[in-house]
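[1] here is the input, now give the coordinates:
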Amino acid sequence: MALAETGSVNRAALRLNLTQPAVTRRIQSFEAAMGGVPLLDRRTKPPILTPEGRRVLEGCRHVVRAVAELKLDAGGGPPAGEIRIGVAHGLAEMVLTAPIDAMRRRFSSVRPRVTSHWTTWLVKQVRNGALDCAIGLVTPDHSMASGVYSTAIGVERVVVVASPAVIPPSTKVNRGEHFGLRDLAGSEWILNPPGCGYRDAIQRRFDQANLPLRIAAEVFGHDLQISLVARGAGLGLVPRRQIENSPYRRQLRILRLTDFDLQVTIALLHGGFLGRFAHVIEHFQTQIGKALQHNAKLT
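    Numbers count the residues shown, from 1 in each chain. Predicted coordinates:
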């Protein structure tokens, strides 16, 4: 772990207060204990982890964390220390307000460190122990990695929106009537960059229908996307709650599609063992549920 984190045997030796030969011998002994499989690629200077070395590194992190959890559990007392939380893009504004504030008030000795990313990335970080938990947006196409557990908190309804000015002329319908993907095949879209589950879902559906998905802009942030859609730059794919709370809502039309419907589960992602943060994570989950209920009342 020291070698992986510092990047060289020499710096690892300084961190561990050992000599460089002693660190080299320990690594060699560890490789022998792992069945003689090389954990370092020594053809590079400094050496880097092999694929097997990266896999073993994650196991080492699990072991170190488990020992630390055991010591803390044995010591008793309230939970304390840094808790690493992941939040899916699109949920950060909701999660980082009332739920995090409530956590700080309830558990004053716990320090949350929050990372925002795509749900697929968050699942991997929970699996390898880099995150204690995450709040993800799980589409029907997501698959949970082994050792990652998903607990549903709520549902996010994702809709296709457009400015009336960009609805294809061939689909002259009144509000409330339905469209099909084929009707929208010639339109351009304002979507998140690659990695977004929403984008993956619409792309997969277009591919299944053998239709082109034309991208006009790839931008982060639903507020920016909605403003571009309202100005006629293309179609959008955004959570329904974002439309209801947007100042542009009167300039948009929600398109009802007969062959595409996306409901995303807002879920708590965690490993099987929550350790000293079990009560913290349970409280955090409850507060997010309350925030979702509050948003539902507003819309």
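
[2] burial measure for Gly86, as a count.
    26 (other CB atoms under 10 Å). Every C-beta, even on glycine, is put in place using the N, C-alpha and C of the backbone.

[3] who does it bridge with?
    Here Gly86 sits in beta bridges with Thr115, Ala134, going by DSSP bridges.

[4] quick check: it touching Arg113?
    No. When contacts are counted by CB atoms under 8 Å, Gly86 is not listed as touching Arg113 (10.0 Å).

[5] and Pro46, which of the three is it?
    coil (DSSP: H, G, I helix; E, B strand; the rest coil).

[6] neighbours around Pro212, how many?
    Neighbour count of Pro212, defined by other CB under 10 Å: 10.

[7] surely Glu31 and Leu39 touch.
    Yes. The criterion here is CB under 8 Å, and Glu31 meets it with Leu39 at 5.3 Å.

[8] among the two, which residue is more densely surrounded?
    Taking neighbours as other CB under 10 Å, Glu31 and Leu39 compare with Leu39 leading, 21 against 17.

[9] element containing the nearest residue to the more buried one once chain neighbours are set aside, please.
    Nearest residue to Leu39, sequence neighbours excluded (CB to CB, 6 or more residues apart in numbering): Gly53, at 3.6 Å. Per DSSP states H and E: Gly53 is located in helix 51-75.

[10] list of residues touching that helix?
    With CB atoms under 8 Å, 6 or more residues apart in numbering as the test, helix 51-75 has contacts from 1, 4, 34, 37-41, 49, 80-81, 128-130, 273, 275-276.

[11] go on, stretch 280-299?
    79, 83, 85, 94-95, 97-99, 102-103, 106-107, 110, 132-133, 135, 151, 153-154, 240-241, 244-245, 266, 268, 270, 274.

[12] buried ones among these?
    79, 83, 85, 94-95, 99, 102-103, 107, 110, 132-133, 135, 153, 241, 266, 268, 270, 274 (16 or more other CB atoms under 10 Å).

[13] wait, a strand at Leu269?
    Yes. Under three-state DSSP, Leu269 sits within a strand.

[14] one step back: overlap in contacts, Glu31 and Leu39.
    If you check Glu31 and Leu39 against CB under 8 Å, 6+ apart, no residue is contacted by both.
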